[in-house]
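> give the three-dimensional model of this entry:
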Amino acid sequence: MPVAMPLLGLSAGRRIVVGVAVSATVVAFVAVLVGGGDPVVTRAGPHSIDFLAEVVAKTGLKGVNGRILVDESRYDTVRTGPNWPADWLYSIGPMSALGVEHNMFTKDRAYVDDPAKGNGEVLKFALVSRGIAVSGGWIRVG
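The predicted structure is shown next:
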């Protein structure tokens, strides 16, 4: 959804894709790619997943007939640096190309192991909170 990029303050280096239309108010999928691992995206506020969901809701979209696609393929899936101390989790979030809140909003083991999945769930929650039904969970692409 190109209109969302300037509203979120995103550059051309990032993509927000709204998928194939099933009807005027339902799409087959929604995919979000935050390229470059830039941690400016938050859960709420001006550069947020919630704001993205608000923008999408204002288009009249009522449903996602399928799953949310998450793509962190710009970088590998190594979550730590080679010289990070054993207690790294208390001062920094796991590395990922798909980052929200610096990937520090939870220390749950499942999230630390796969922040892209957790961030896909954040998007699903935001869409549902804005009245956009999502029939599936998330799937990794790329």
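
> all helices of the protein, in order?
For the chain, the helices defined by DSSP state H occupy 4-8, 49-58, 109-113, 115-129.

> most neighbours per residue, which of these?
Stretch with highest mean neighbour count among the helices of the chain: helix 115-129 (a mean of 21; mean count of other CB atoms under 10 Å). For every residue, glycine as well, the C-beta is placed using N, CA and C.

> give me the contacts around that one.
For helix 115-129, contacts defined as CB atoms under 8 Å, 6 or more residues apart in numbering pick out 30, 32, 43, 49-50, 52-53, 56-57, 64, 68-72, 79, 93-94, 96-100, 103, 106, 108, 110-111, 134, 137-138, 140.

> go with 6 Å
Residues from elsewhere that reach helix 115-129, judged by CB atoms under 6 Å, 6 or more residues apart in numbering: 32, 43, 49-50, 53, 68, 70, 72, 94, 96, 98, 100, 103, 111, 134, 138.

> of these, buried ones?
32, 43, 49-50, 53, 68, 70, 72, 94, 96, 98, 100, 103, 111, 134, 138 (16 or more other CB atoms under 10 Å).

> state the pair within the residues you listed that is farthest apart.
P94 and V134 (24.5 Å; CB to CB).

> hmm, back to that, tell me the least confident of the buried ones among the contacts of helix 115-129?
Least confident of those in the model: V32, at 54.

> tell me which residues touch L98, please.
Neighbouring residues of L98 by CB under 6 Å, 6+ apart: V34, V70, E72, A116, N119.

> list the contacts for the third one?
Taking CB under 6 Å, 6+ apart, we find E72 in contact with S96, A97, L98, A116.

> among the residues you listed, which two are most distant?
Between any two of those, the greatest separation by CB to CB is 7.9 Å, found for A97 and A116.
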